[in-house]
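Asks: what shape does this take:
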Amino acid sequence: SIFNVDYKNRRLHERSVDLQGSEPSNRLTEVVLNYRRKGSIGWSKGKTVVSDSNRTELDFSRDGVENSYGYATLQWDVSEITLDSEFEVKVVSSCTPLQGSHSELNEFSSEISSGVIDR
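Replies: This is a model prediction of the structure:
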């Protein structure tokens, strides 16, 4: 779960570029869970199960994910992770770039948290 600190003003999806007739402030493209095996360099995007045969990126900004209290909750599907191990996770929000702006204004990443997958 993640918490939208500004949920009283707008839900995450309401900031999305997916909305027709978007305001200039609607730059949000995704809010995803990234993970990697501890010690690895590259990050992978977490997946969630939509139906028995359909898996999709774990995007907390999709319509209908965030509740009225500002919490967005999705289940991380770890079935494709074959080796139990220690992992690092972070949440990354990405926005469409502002012309002429510094790249730091186009993406934000939470602190890295560690955990173990042990089945």
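
Asks: which phi and psi values does the residue sitting furthest away from the middle of the chain adopt?
Replies: Computed with Cα atoms, centre = their mean, the residue of the chain farthest from its C-alpha average is residue 100, at 25.3 Å. Backbone torsions for residue 100, taken as degrees, to the nearest 10, come to phi 80, psi 0.

Asks: show me the shaky parts of this structure.
Replies: 17-25, 51-52 (pLDDT under 70).

Asks: sec struct for residue 14, please.
Replies: Under DSSP: H, G, I helix; E, B strand; the rest coil, residue 14 falls in the helix class.

Asks: then the host helix or strand of residue 50 to PDB, C-alphas only?
Replies: Taking DSSP states H and E as the criterion, residue 50 maps to strand 47-51. What follows is strand 47-51, C-alpha atoms only, in PDB (Å, rounded to 0.1, in the frame of the first residue of the first chain):
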ATOM      1  CA  LYS A  47       3.300  -7.200 -11.500                       C
ATOM      2  CA  THR A  48      -0.200  -7.700 -10.100                       C
ATOM      3  CA  VAL A  49      -2.800 -10.300 -11.200                       C
ATOM      4  CA  VAL A  50      -5.800  -8.800 -12.900                       C
ATOM      5  CA  SER A  51      -7.500 -12.100 -13.700                       C
END
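
Asks: helices or strands next to that strand in the packing?
Replies: Helices and strands touching strand 47-51, by 3 or more Cβ pairs under 8 Å, 6 or more residues apart in numbering; DSSP states H and E, are strand 54-57. (C-beta placed from N, C-alpha, C; glycine too.)

Asks: so which elements touch the strand it packs on?
Replies: Of the remaining helices and strands, those touching strand 54-57 by 3+ Cβ pairs under 8 Å, 6+ apart are strand 47-51.

Asks: quick one: the strand it packs on to chain centroid distance?
Replies: Strand 47-51 has its C-alpha centroid displaced from the chain centroid by 14 Å (Cα atoms, centre = their mean, to the nearest Å).

Asks: buried stuff in that strand?
Replies: By neighbour count on 16 or more other Cβ atoms under 10 Å, the buried set for strand 47-51 is 47-48.
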